[in-house]
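Enquirer: I would like the atomic coordinates for the input below:
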Amino acid sequence: MEAILLVGGKGTRLLPLTIDTPKPMLKVAGIPFIAHQIGYAKAHGVTRIVVATSYKTEQFLDYLGDGSRFGIEIVHAVEHEPLGTGGAIANAANLLESSADAPIAVLNGDILSAHDISAQVLAHQRLHSDVTLHLVEVPDARAYGSVPTNSDGRILQFLEKTENPPTNFINAGCYIFTREVINLIPHEKVISVERETFPELLAQGRNLWAYQSSDYWIDIGTPRALLKATTDLVTGKFISPAYLPNTSQTYIDDRAVISASAIVLPGSAVGAATVGAGTTIESSVIGDGVLIEKEVAIKESIIGDGVVIHEGAHISGAFLGGAGVVIEANSRHFG
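Expert: Coordinates of the predicted model:
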């Protein structure tokens, strides 16, 4: 099966972490987030991926190449100007090889999900659906917009954010398209698949169905969510084909230099950093090239590549990056 992976967004909600690195290339449990997505797609029968890129394309080309390092075929559909999610799908479709009636998985590049893509494909085929959307239930849909369905699971509407959503099921960012339906999306236009394409398909009388699940799901679009994804991976709450948790429930890069008296607590990931004596790192992510002096306390924070933290600093709930950022000695930083 073929898939389209949408990775063109700039990740503005993740600034300053995405100044130099596109969101899907940020490391989660020591490897770029996109590697977890590719591994998961491969485990569910995807053999070829069209990566739809726009922002800092060269990083995807360099890291992914032709996909041979992942045991999967990868080709790249480059947008010279951002086309939105719908425009990106239409542009990437030019590189698809599947027949008109084949199922095509479309994956958003900021979603980590444990749902069964294979089962979603089977439901799509059984229902003779034009598009089958993965939906998840959240405690409060007001921040997302909701997707009401009938009792059989047929999608009725796509609602924007509202104070009184009729359902707490939301669009979870994984779609199975019948190949020929993608051809209905206009080419070389800026289009939102969520706000334009899906409502238009409903208005045309097309069959759009929901695949609902209660599996692990997270959108890594904010620093706090990115941190949670790392914690969940290193503690084994979410199992990725690309990462094997260890008994310490931490990730520590082989190149890291950590003082014997420093403490790295479960739920943390430390890149190729230097960590001084008496420092404590709790449920945090430390990037490559970070220098942490002695007696520093870091809790529930992300420290981007190249940050320097002088002795005695206390950091909690903060998201700091990148090279050139210096945290003064004995200072306090709280998110």
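Enquirer: and the spatially closest residue to Val290 that is not a sequence neighbour, what does it touch?
Expert: With sequence-adjacent residues excluded and distances taken as CB to CB, 6 or more residues apart in numbering, Val290 is closest to Ala273, at 3.9 Å. C-beta here means a position set from N, CA and C on the backbone, and glycine is covered the same way. Neighbouring residues of Ala273 by CB atoms under 8 Å, 6 or more residues apart in numbering: 253, 256-257, 286-292.
Enquirer: could you dump those to JSON lines with pLDDT and distance to Ala3?
Expert: Shown next, in JSON lines, are the contacts of Ala273 (pLDDT from 0 to 100; distance: CB to CB, whole Å):
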{"residue": "Asp253", "pLDDT": "96", "distance to Ala3": "30"}
{"residue": "Ala256", "pLDDT": "98", "distance to Ala3": "34"}
{"residue": "Val257", "pLDDT": "98", "distance to Ala3": "39"}
{"residue": "Ile286", "pLDDT": "97", "distance to Ala3": "32"}
{"residue": "Gly287", "pLDDT": "94", "distance to Ala3": "29"}
{"residue": "Asp288", "pLDDT": "95", "distance to Ala3": "29"}
{"residue": "Gly289", "pLDDT": "95", "distance to Ala3": "33"}
{"residue": "Val290", "pLDDT": "96", "distance to Ala3": "34"}
{"residue": "Leu291", "pLDDT": "97", "distance to Ala3": "40"}
{"residue": "Ile292", "pLDDT": "98", "distance to Ala3": "39"}
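Enquirer: Name the nearest of these relative to Glu194.
Expert: Closest approach between the contacts of Ala273 and Glu194, by CB to CB: Gly287, at 31.6 Å.
Enquirer: which residues sit in contact with the residue nearest to the closest one when sequence neighbours are not counted?
Expert: Sequence neighbours aside, Asp305 is the residue nearest to Gly287 in space, at 3.9 Å (criterion: CB to CB, 6+ apart). Asp305 is in contact with 20-21, 271, 287-290, 321-323, counting by CB under 8 Å, 6+ apart.
Enquirer: Check the chain and tell me which residue is nearest its centre.
Expert: Nearest to the centroid of the C-alpha atoms of the chain, with distances taken as CA atoms, centre = their mean, sits Asp110, at 2.3 Å.
Enquirer: That residue and Gly8 touch, don't they?
Expert: No - contact criterion CB atoms under 8 Å: Asp110 and Gly8 do not qualify, at 10.9 Å.
Enquirer: Gln120 in helix, strand or coil?
Expert: The three-state assignment at Gln120 reads helix, by DSSP: H, G, I helix; E, B strand; the rest coil.
Enquirer: I'd guessed it sits against Leu135; true?
Expert: No - in this structure Gln120 lies outside contact range of Leu135 using CB under 8 Å: 10.4 Å.
Enquirer: hang on, His36 in a strand?
Expert: No - applying three-state DSSP, one finds His36 to be helix, outside a strand.
Enquirer: Renumber starting at 199 from here on
Expert: Let's use 199 as the start, then, which means that last one is His234.
Enquirer: what residues are up against it?
Expert: Taking CB under 8 Å, 6+ apart, we find His234 in contact with 226-227, 310, 431, 438-441.
Enquirer: So which of those residues are in strands?
Expert: Those of the contacts of His234 mapping onto strands are 226, 310, per DSSP state E.
Enquirer: Any of the contacts of His234 buried? List them.
Expert: Among these, those classed as buried by 16 or more other CB atoms under 10 Å are 226-227, 310, 431, 438, 440-441.
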